[in-house]
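J.: sequence below, structure please.
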Amino acid sequence: MNLPKKISLKKNAQNLRRNMTKEERHLWYDFLRTYPLQFKRQAIIGNFIVDFYCHKANLVIELDGSQHYDENGLDHDAQRTDFLKSNGLVVLRIPNNEIWDNFSGVCDAIDSIVEDKSHPHQSANG
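T.: Residues are numbered from 1 along each chain as shown. The predicted model follows:
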């Protein structure tokens, strides 16, 4: 599937890749960078730049700091999530504190979603 992409966001996405948050760096360098399926950092999808995107699993991972929990942040995130889901993507939102408090659980959640997306028609009997 070819997702829409707003090219004017390219410089902003590059800047975000160069200046990742400490939570993004931790998840990227300690898990996603060497993941068996390729993830992209700060990928442009439509009018949005998502934190991490895996094309093969149709998965977007968003790390949410405190700004995501005020009224404007919640509204903006709902619009982003609706748009991404309407393009067939699964959106996993992870609060920043989970990166520090439960990193192995975060990694397990990502693995679980990727596994489900990689084998969507597999029956319970194998």
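J.: quick one, what contacts the spatially most central residue of the chain?
T.: Compute the mean C-alpha point of the chain, and by Cα atoms, centre = their mean the closest residue is Ile61, 1.6 Å away. Ile61 is in contact with Leu27, Leu32, Phe39, Val50, Asp51, Phe52, Tyr53, Cys54, Leu92, Ile94, Ile110, counting by Cβ atoms under 8 Å, 6 or more residues apart in numbering. Where you see a C-beta, it was placed from the backbone N, CA and C, and this is true even at glycine.
J.: what is the helix or strand of the chain with the lowest mean pLDDT packed up against?
T.: The helix or strand of the chain with the poorest confidence is helix 71-86; it has a mean of 84 (mean pLDDT, DSSP states H and E). Applying 3 or more Cβ pairs under 8 Å, 6 or more residues apart in numbering; DSSP states H and E, one finds that helix 71-86 contacts strand 48-54, strand 59-64, strand 90-95.
J.: in stretch 31-47, which residues are buried?
T.: Phe31, Leu32, Tyr35, Phe39, Lys40, Arg41, Gln42, Ala43, Ile44, Ile45, Gly46 (16 or more other Cβ atoms under 10 Å).
J.: next step: the residues you listed restricted to strands.
T.: Mapping the buried residues of stretch 31-47 onto strands (DSSP state E) picks out Lys40, Arg41, Gln42, Ala43, Ile44, Ile45.
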